[in-house]
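Undergrad: Sharing a model prediction with you, sequence too.
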Amino acid sequence: MNILNEVGNGLSEAFPHLTFSILEEVIQIPFDAYDSQRKQFNSSRILAKINNFSKKYGLEHILGITDVDLFVLHLNFVFGEAEYSGKAAIISLFRLRPEFYSQKPDRKLFVERSVKEAVHEVGHLLGLGHCDNPTCVMFFSNSIFDTDRKGALPCEKCKSLAMNRSSTG
């Protein structure tokens, strides 16, 4: 099974009241998103292009998945970014692979991390903020250790908020 399908399955498990489709269309990363000094890509610039893609196809929400290293201003890196209660989100697989941390490849761990970050960013699209429960998927991941510690599902409080927001929005 490829990573897109595994992320899709994880999203369906986390948000069973929503329907997810996988579009394997490739969107070119905007040239101006690359910062040559940082050797990273500005996720906000990529997010704007993903948002335009969602409008083009009339999608309610869209999650882009990339393999490049992302950052936002004032942070060294991000695993992903989303428009709060918006249409578009993005995650990067770049720092989710154990090999990035000089560990041996571990597909199961890589998939778990990818699902957690995808669910987290889609949670933001549904209007969920960061949760103070360190086991909730909506807990802010300041490092890969935070991602590994938290679960792949929203806590009861966040699950209830997501249900309410997606049924009224």
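TA: Received it, and whenever you're ready, just let me know what you need.

Undergrad: ok, what's across the strand from residue 35?
TA: Per DSSP bridges, the residues bridged to residue 35 are residue 40.

Undergrad: hang on, isn't it packed against residue 44?
TA: No - Residue 35 is beyond contact range of residue 44, at 11.5 Å (criterion: C-beta atoms under 8 Å). The C-beta positions use only the backbone N, C-alpha and C, and glycine is treated the same way.

Undergrad: who's more crowded, those two?
TA: residue 44 (16 against 12; other C-beta atoms under 10 Å).

Undergrad: what about the closest residue in space to the more buried one that isn't next to it in sequence, distance to residue 42?
TA: Excluding its sequence neighbours, the residue lying closest to residue 44 (C-beta to C-beta, 6 or more residues apart in numbering) is residue 72, at 5.9 Å. Residue 72 is 7 Å from residue 42, where distance means C-beta to C-beta, to the nearest Å.

Undergrad: residues shared between the contacts of these two?
TA: Contact with both residue 72 and residue 42 is made by no residue, according to C-beta atoms under 8 Å, 6 or more residues apart in numbering.

Undergrad: Look at these two and report which has more neighbours.
TA: Neighbour count, other C-beta under 10 Å: between residue 72 and residue 42, residue 42 has more, with 21 against 15.

Undergrad: wouldn't the more buried one be in contact with residue 35 here?
TA: Yes - taking contacts as C-beta under 8 Å, residue 42 lies within contact range of residue 35: 6.2 Å.

Undergrad: Output the below-cut-off pLDDT ranges for the chain.
TA: Across the chain, the ranges flagged by pLDDT under 70 are 1, 165-169.

Undergrad: and with 80 instead?
TA: 1, 24, 163-169 (pLDDT under 80).

Undergrad: Break down it into its helices, ranges please.
TA: Remark: helices assigned in the chain by DSSP state H are 3-14, 43-57, 107-125, 144-149, 156-168.

Undergrad: List just the one of these that sits closest to residue 93.
TA: Taking C-beta to C-beta, helix 107-125 is the member of these nearest to residue 93, at 6.0 Å.

Undergrad: chain center to the closest one: distance?
TA: Remark: helix 107-125 is offset 6 Å from the chain centroid, using C-alpha atoms, centre = their mean, to the nearest Å.

Undergrad: For that helix, name the packing helices and strands.
TA: helix 3-14, strand 62-66, strand 80-82, strand 88-92, helix 144-149 (3 or more C-beta pairs under 8 Å, 6 or more residues apart in numbering; DSSP states H and E).

Undergrad: So which bits of that helix are buried?
TA: 110-125 (16 or more other C-beta atoms under 10 Å).
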